[in-house]
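S.K.: Please work out how this folds:
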Amino acid sequence: MRENLRQFEDLDAVLLAIDPHEAWSAKYLLKETGFSTDDVSYPMLTDPSLTVSAAYGVAFQMRIHTELSNRPATFVIDKAGTIRFEQRAKTFADRPTADQIIQVLKNLN
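M.R.: Numbers count the residues shown, from 1 in each chain. The predicted structure is shown next:
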């Protein structure tokens with residue numbers, strides 16, 4: 001998604017990532033994948049209490065390795081707060097592409 005940020009902005013959309021870990025853990029995970037917080041040019045909300053994750057029905061729904069984790073999910077929410085698109089992953093890699101999300105945004109306009 002990061003590579004397509006300009007297209008999201010052109011469609012008047014805001015990309016927001018929500019990470020279910022403490023801030024220090026999210027930073028560590030970025031570092032482990034070769035990135036830093038400077039590489040994230042969109043807002044990232046850490047949700048260690050899983051408040052947002054639970055509100056969207058994705059908290060502790062997927063077993064990753066030996067522990068339960070949040071189910072990866074993608075939501076497109078319009079300016080009125082209505083969910084216009086949602087995809088809750090069936091596997092960790094089951095996520096829509098940036099092009100699919102951009103098409104959803106175009107269909108909203």
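
S.K.: any idea where the helices of this protein begin and end?
M.R.: Per DSSP state H, the chain carries helices over the ranges 5-10, 23-32, 51-55, 98-108.

S.K.: Please name every helix or strand in contact with the longest one.
M.R.: Going back to what we said before, that points to helix 98-108. helix 5-10, strand 73-77, strand 83-88 (3 or more C-beta pairs under 8 Å, 6 or more residues apart in numbering; DSSP states H and E). Just so you know, the C-beta spots here come from the backbone N, C-alpha and C atoms, and that holds for glycine as well.

S.K.: pLDDT on that helix, on average?
M.R.: Averaged over helix 98-108, pLDDT sits at 93.

S.K.: Flag the shaky bits of this structure, pLDDT-wise.
M.R.: The chain contains residues with pLDDT under 70 at 36-39, 60-70.

S.K.: residues contacting residue 99?
M.R.: Counting by C-beta atoms under 8 Å, 6 or more residues apart in numbering, residue 99 touches residue 4.

S.K.: same deal with residue 72?
M.R.: With C-beta under 8 Å, 6+ apart, residue 72 has these contacts: 58, 62, 88, 89, 92, 94, 95.
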